[in-house]
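**Q** No letters, just coordinates:
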């Protein structure tokens, strides 16, 4: 992990950019450095620069609650090499949505599965590197989307102790099947009228999770209309499980 | 409203039993009496004595948050005259559930609609009387079940400013239709594996509500397994809207 820049934010938060094996990322920690704190991996739909204001706001909130927060760029997004196959699948998905047709399972598979296959080991390598830093310890949380990445991580990565998932993207049927193997506590956010989401698919996914403790919070509004109190509920969830 | 008994609970709560036109009820207020506080009407499935421990716990929590709380017995429950028609409908419902068959709409209608028709004016009369007491003011909340009573109250009673509804009972299709007229902020609790409930019906009802602000919190477990953090979320909802 190579630190490339650091910025002292005004509310006791140190923001550091890094790269790890060519993947850019951002790390937010309390300042001055404290005893080691649990870290929350923050998922997002891709495009670190575009997403930065929202990610930084979520991270500042997490740091204020006693966590570190970190994120990395998704494969094919931001400054990373694009994937022609993913671009084609995304175009196919858009065509189906615009025509008002159901999105074929194979289109969702082509779009999401290669992304999950590539991203999950990158998140795990990031976690290896983060946990070697002096101010960061387990347990680890995953928060946000892409929800399929969160599901796979929850299954394959035992250091993740709790996940707050954002049901804001299409989910391959294979990932819904894999959700049955998830056993960690889950807090799932669903925007009831999300234009980028299939509500029934999100409810099926929630039903499939094997976790004994799982909570679904559905709110009104579209993809980016999550109300502030929903973020606070989510932060209380992590405090319950990671502190 | 005739006060029939009063008990000073040990945590600054005065519990008073009352009757109003033959309907027994309970009122919980802060002690010593403060400036007037908003009141939360607490719904329940019927049987005040049986439900008293859980109702008193909810009421104490409400009083600690700066509210008064009140409830009345349901028609046909506790010491009130039973309704042979409702008993018959309840037996028909039980037979269908035990046989693993879908519960016919007409059975749900026979069980729930007369209950709503009778209970709602009783809650309104209770509210009239409560708001004449010195320590109680608006705005008013409704919290709990029977959810069909909460829906009808939210439509016909303009003094109710927010409702926290428990999706824990069968809902007639006519009530789902009426839900479209509800516009106040709603916080709906759903027990995902509730044995007394039809999950799809609860989701349809949530979808039908006309309110711009509505939140669904679904948790694992059966009818009486609501986790304590779900109660705290609900209490924050009332604080946001009634204070």
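**A** Looks like it came in fine. Note that this is a predicted model, so its numbers are computed, not measured. Numbers count the residues shown, from 1 in each chain, chains lettered A, B, ... in the order given.

**Q** Model confidence score at the spatially most central residue of chain A, please.
**A** By Cα atoms, centre = their mean, chain A has its centre lying nearest to residue A:43, at 2.0 Å. Residue A:43 is assigned 97 on the pLDDT scale.

**Q** For chain A, just list every one of the helices.
**A** Along chain A, counting by DSSP state H, helices occupy A:48-64, A:84-98, A:105-130, A:147-156, A:173-179, A:199-208, A:228-242.

**Q** what's the neighbour count on the closest residue to residue A:181 other than its chain neighbours?
**A** Ranked by Cβ to Cβ, 6 or more residues apart in numbering or on different chains and with sequence neighbours excluded, the top spatial neighbour of residue A:181 is residue A:155, at 4.9 Å. To be clear about C-beta, it is placed using only N, CA and C from the backbone, and glycine gets the same treatment. The number of residues packed near residue A:155 is 19, by other Cβ atoms under 10 Å in any protein chain shown.

**Q** Same question for residue A:184.
**A** For residue A:184, the count of nearby residues is 22 (other Cβ under 10 Å).

**Q** Next one: it from chain B, what distance?
**A** According to Cβ to the nearest Cβ, to the nearest Å, residue A:184 and chain B sit 13 Å apart.

**Q** Check residue A:162 too.
**A** According to Cβ to the nearest Cβ, residue A:162 and chain B sit 13 Å apart.

**Q** now residue A:179
**A** Going from residue A:179 to chain B by Cβ to the nearest Cβ gives 14 Å.

**Q** residues touching that residue, list them.
**A** A:151, A:205, A:208, A:209, A:210 (Cβ atoms under 8 Å, 6 or more residues apart in numbering or on different chains).

**Q** Look at it and report its pLDDT.
**A** pLDDT, residue A:179: 98.

**Q** Leaving out sequence neighbours, find the closest residue to it.
**A** Using Cβ to Cβ, 6+ apart, the closest residue to residue A:179 is residue A:208 (4.2 Å).

**Q** again with residue A:51
**A** residue A:44 (4.7 Å).

**Q** What about the one you found, how many residues nearby?
**A** 23.

**Q** got the residues of chain A near chain B?
**A** A:192, A:203, A:206-207, A:211-220, A:227, A:229-230, A:233, A:236, A:240 (Cβ under 8 Å from any Cβ of the partner chain).

**Q** The residue nearest to residue A:181 and residue A:180 touch, don't they?
**A** No: assessed by Cβ atoms under 8 Å, residue A:155 is found out of contact with residue A:180, at 9.4 Å.

**Q** Let me see the backbone angles for residue A:197.
**A** Phi and psi for residue A:197, reported as degrees, to the nearest 10, are phi -140, psi 160.

**Q** residue contacts, it?
**A** Going by Cβ under 8 Å, 6+ apart, residue A:197 touches A:167, A:168, A:169, A:170, A:190, A:191, A:223.

**Q** Could you export those as JSON lines, including neighbour count?
**A** Formatted as JSON lines, these follow (neighbours: other Cβ atoms under 10 Å in any protein chain shown):
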{"residue": "A:167", "neighbour count": "24"}
{"residue": "A:168", "neighbour count": "23"}
{"residue": "A:169", "neighbour count": "22"}
{"residue": "A:170", "neighbour count": "22"}
{"residue": "A:190", "neighbour count": "25"}
{"residue": "A:191", "neighbour count": "24"}
{"residue": "A:223", "neighbour count": "16"}
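
**Q** Of those, which one scores lowest on pLDDT?
**A** Among the contacts of residue A:197, pLDDT bottoms out at residue A:223, giving 78.

**Q** which non-adjacent residue is nearest residue A:71?
**A** Per Cβ to Cβ, 6+ apart, closest to residue A:71 is residue A:42, 4.4 Å.

**Q** gap between the one you found and residue A:134?
**A** According to Cβ to Cβ, to the nearest Å, residue A:42 and residue A:134 sit 21 Å apart.

**Q** Rebuild the contacts of residue A:179 as TSV, extending it with neighbour count.
**A** As requested, the contacts of residue A:179 are exported to TSV (neighbours: other Cβ under 10 Å):
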residue	neighbour count
A:151	27
A:205	23
A:208	17
A:209	24
A:210	15
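
**Q** Show me the two of those that sit farthest apart.
**A** The span of these, defined through Cβ to Cβ, is set by A:205 and A:210 at 11.8 Å.

**Q** hang on, the earlier thing: quick one, what contacts the residue nearest to residue A:181?
**A** The contact partners of residue A:155, by Cβ under 8 Å, 6+ apart, come to A:178, A:181, A:182.

**Q** any idea how far it is from residue B:212?
**A** 37 Å.

**Q** Next: residue A:36.
**A** Distance, residue A:36 to residue B:212, using Cβ to Cβ: 43 Å.

**Q** more crowded one of those two?
**A** residue A:36 (15 against 11).

**Q** returning to what we had before: these two touch, right, the residue nearest to residue A:71 and residue A:74?
**A** No: between residue A:42 and residue A:74 there is no contact under Cβ under 8 Å: 12.0 Å.

**Q** Give me the below-cutoff pLDDT ranges for chain A.
**A** Of all residues in chain A, none has pLDDT under 70.

**Q** run the last query once more with 90
**A** Filtered on pLDDT under 90, chain A yields the residue ranges A:10-11, A:32-34, A:97, A:102, A:138, A:145, A:168-169, A:193-198, A:201, A:221-234.

**Q** which residues does residue A:193 contact?
**A** Under the criterion of Cβ under 8 Å, 6+ apart, the neighbours of residue A:193 are A:220, A:221, A:222.

**Q** Any of those residues buried? List them.
**A** Using 16 or more other Cβ atoms under 10 Å in any protein chain shown as the burial test, those include residue A:220 as buried.

**Q** Make CSV out of the contacts of residue A:193 and add distance to residue B:63.
**A** CSV is the format used below for the contacts of residue A:193 (distance: Cβ to Cβ, whole Å):
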residue, distance to residue B:63
A:220, 30
A:221, 33
A:222, 38
